[in-house]
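Asker: Sequence and predicted structure below; questions after.
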Amino acid sequence: MGYWNARVEGMSAADIHELQFKLLKTQVYRLYSFSPFYHERMKAANVHPDDIKSLEDITKLPYMYKKDLRDHYPDKLFVGGQEELVRYHVSSGTTGKPTVVGYTQRDLDNWSESIARAMTSVGLGRNDVIQVSYGYGLFTGGLGAHYGAEKIGATVVPASTGNTERQLELIKDLRVTAICCTPSYFLHIAETAEKLGISIQKDTQLRTAILGAEPWSEKMRKRIEESTGINAYDIYGTSELSGPLFTECTAKDGMHVWGDLAYVEVIDPDTGERLGPGEKGEMVITMLQKEALPIVRYRTGDITSYDDSPCACGRHHLRIARLSGRVDDMLIIRGINVFPSQVEYTLMTIPELGEHFQIVVDRKGVLDNMLVRVELKPSAFSDKIADLMKLKKNVEYALRNSLNVAAQVELLEPGSLARFEGKAKHVIDNRSD
Ligand code: DLL
């Protein structure tokens, strides 16, 4: 697949490394001079910009946490005045204060450049009509994808979320070829199409979906691709980094982190020890060029691993694996760590089950109880109690095997769980501590 920016995307690993070191050094000097927050943090860590003599010296710099953003609400971490800013995004955040991200024009340019490269790397271009069905507004998904799509010269349908039947009408009538939304919303759109008797494969031109903003499994991708005939690609980002940023290319073997924009480390979240390629841990990201809200060694809380070998697409920009959850997503059930993504993966291996599920955790006395509620596929829905009991036992067995902890299973009629237009909520934890 072609490059959007051949000069950068075609760089060798050594050249990327050298460029990253230069950019890091420049950023660290800038922050030491102009950001009271970083200046103080670096002083406290007893590190001076002159101590950064190689890219690996980045480990001398202190970590930055989401809490730092909340503690400096709304804009006390910004470098430069309001007159430098051209946009704010605000993440609602489920706990505590929201976080505010400010952007200079250059920040926005780098963000859309990242999306332009990403979209080109999955084969999109001027001949595509891209429906952006991430929320527009304070959430970064809608506008982030929008400007990237315009940059590559595609025709954008800024549909935002909601009104699913209308979304399908737009897909059909405007001959939409690609869609950007959360995987849960895509499932909802596909399900609505089926109900309306619309075949995505036969009645629409939709062939590509760029799905992200929440965890989803490889098995879920297979199901989406097989049932709709489209190619589904993963996209990752967080509002603090800008918004959606990194996608898989057509090789579907990890999401490319553009080395001129970001530097990734993966660490053991408990010990802080740096991990090597293929080892799973918490992703720490440094944005190498961000101006308004600088991000250095940011503890994303997201769990992944990296691969720095060349990709089949020819690019040498490092890839991160599909995320396996968040450090704070992890449920501890009877002392065993359980990630919702593991539950999803296991459920998706069972052909009779649909894509919608919910995990409910309760505590009875001192014991945790996990209930997995999952919808059946319409074709598997039956009133034969014996068949359903057998299936329930099989699902419980499969979950126990993969999670190492027992889960009760409730099989539900198709369509009984809530559907989501943005990020899905899969877990209800009723334990009070
Ligand atoms: O969700 C930005 C985004 C918009 C990414 C559109 C992709 C597409 P936040 O609302 O700040 O930003 O949430 C960021 O969402 O730390 C991850 O835990 C999770 N997340 C984002 N993308 C993925 C993904 C946007 N592809 C948080 N897989 C992150 C798994 C994801 N989790």
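Answerer: Done, it's in.

Asker: Now L77: closest residue in space, sequence neighbours ignored.
Answerer: F37 (5.4 Å; C-beta to C-beta, 6 or more residues apart in numbering). Quick note: C-beta positions are derived from backbone N, CA and C, even for glycine.

Asker: What is the burial count for that neighbour?
Answerer: By other C-beta atoms under 10 Å, 17 other residues sit near F37.

Asker: ok, so what distance separates H316 from the ligand?
Answerer: 22 Å (C-beta to the nearest ligand atom, to the nearest Å).

Asker: residues in contact with that residue?
Answerer: 11-13, 16, 259, 310 (C-beta atoms under 8 Å, 6 or more residues apart in numbering).

Asker: and it, that's in a strand?
Answerer: No - under DSSP: H, G, I helix; E, B strand; the rest coil, H316 falls outside any strand and is assigned coil.

Asker: For G278, see how far away the nearest residue to it once chain neighbours are set aside is.
Answerer: Excluding the flanking residues, the one nearest H316 by C-beta to C-beta, 6+ apart is A13, at 4.4 Å. Distance of A13 to G278, given as C-beta to C-beta, to the nearest Å: 17 Å.

Asker: mind showing which ranges of the protein have poor pLDDT?
Answerer: Within the chain, the ranges that satisfy pLDDT under 70 run 1, 93-96, 433.

Asker: What segments of it are helices?
Answerer: 6-9, 13-34, 36-44, 66-71, 105-121, 140-151, 164-173, 183-195, 200-203, 218-228, 340-348, 385-403 (DSSP state H).

Asker: Show me what from this structure comes close to the ligand.
Answerer: Within the chain, the residues that sit near the ligand (C-beta under 6 Å from any ligand atom) are 91, 134, 140-141, 212-215, 234-239, 243-244, 300, 302, 323, 326.

Asker: 5 Å - rerun?
Answerer: Proximity of the chain to the ligand (C-beta under 5 Å from any ligand atom) is limited to residues 91, 140-141, 212-213, 215, 234-239, 243-244, 302, 323, 326.

Asker: Find the closest residue to the ligand in the stretch 251-400 of the chain.
Answerer: Closest residue of the stretch 251-400 of the chain to the ligand, C-beta to the nearest ligand atom: L323 (3.8 Å).

Asker: Please look at that residue and E214 and confirm they touch.
Answerer: No - assessed by C-beta atoms under 8 Å, L323 is found out of contact with E214, at 9.3 Å.

Asker: If you drop the residues flanking it in sequence, what lies closest to K280?
Answerer: S305 (4.7 Å).

Asker: Could you double-check that that neighbour lies in contact with V264?
Answerer: No - in this structure S305 lies outside contact range of V264 using C-beta under 8 Å: 10.2 Å.

Asker: Please enumerate the shared neighbours of these two.
Answerer: Applying C-beta under 8 Å, 6+ apart, one finds that S305 and V264 are jointly contacted by I320.

Asker: and the contacts of H316, which two are the farthest apart?
Answerer: G259 and P310 (12.8 Å; C-beta to C-beta).

Asker: Looking at these two, which is more packed in?
Answerer: When neighbours are counted by other C-beta under 10 Å, G259 comes out ahead of the other of G259 and P310, with 24 against 13.

Asker: Okay, and which of the residues of the chain next to the ligand map to strands?
Answerer: 91, 212, 234-238, 243-244, 302 (DSSP state E).

Asker: Burial check on D68, number of neighbours?
Answerer: 18.

Asker: can you tell me which residues contact the nearest residue to it once chain neighbours are set aside?
Answerer: Leaving aside its sequence neighbours, D68 sits nearest to L77 (C-beta to C-beta, 6+ apart; 6.9 Å). Applying C-beta under 8 Å, 6+ apart, we find L77 in contact with 35, 37, 68-69, 293-294.

Asker: same deal with S184?
Answerer: 214, 216, 419-420, 422-424.

Asker: Name the nearest residue to S54, ignoring sequence neighbours.
Answerer: F21 (6.5 Å).

Asker: I'd say the one you found and L55 touch.
Answerer: Yes - taking C-beta under 8 Å as the definition, F21 is a contact partner of L55 at 4.4 Å.

Asker: Out of the helices of the chain, which one sits most buried?
Answerer: helix 140-151 (a mean of 25; mean count of other C-beta atoms under 10 Å).

Asker: Does anything pack onto it? Which helices or strands?
Answerer: In terms of contacts (3 or more C-beta pairs under 8 Å, 6 or more residues apart in numbering; DSSP states H and E), helix 140-151 is packed against strand 85-91, helix 105-121, strand 129-132, strand 155-157, strand 178-181, strand 243-247.

Asker: export that helix as PDB, just CAs?
Answerer: The C-alpha trace of helix 140-151 is given here as PDB (Å, rounded to 0.1, in the frame of the first residue of the first chain):
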ATOM      1  CA  THR A 140     -11.500  13.500  20.100                       C
ATOM      2  CA  GLY A 141     -12.700  10.700  17.800                       C
ATOM      3  CA  GLY A 142     -15.000  12.600  15.400                       C
ATOM      4  CA  LEU A 143     -12.900  15.600  14.600                       C
ATOM      5  CA  GLY A 144      -9.600  13.600  14.800                       C
ATOM      6  CA  ALA A 145     -10.700  11.200  12.100                       C
ATOM      7  CA  HIS A 146     -12.400  14.000  10.200                       C
ATOM      8  CA  TYR A 147      -9.400  16.100   9.600                       C
ATOM      9  CA  GLY A 148      -7.200  13.100   8.700                       C
ATOM     10  CA  ALA A 149      -9.700  12.000   6.100                       C
ATOM     11  CA  GLU A 150     -10.000  15.400   4.600                       C
ATOM     12  CA  LYS A 151      -6.200  15.700   4.500                       C
END
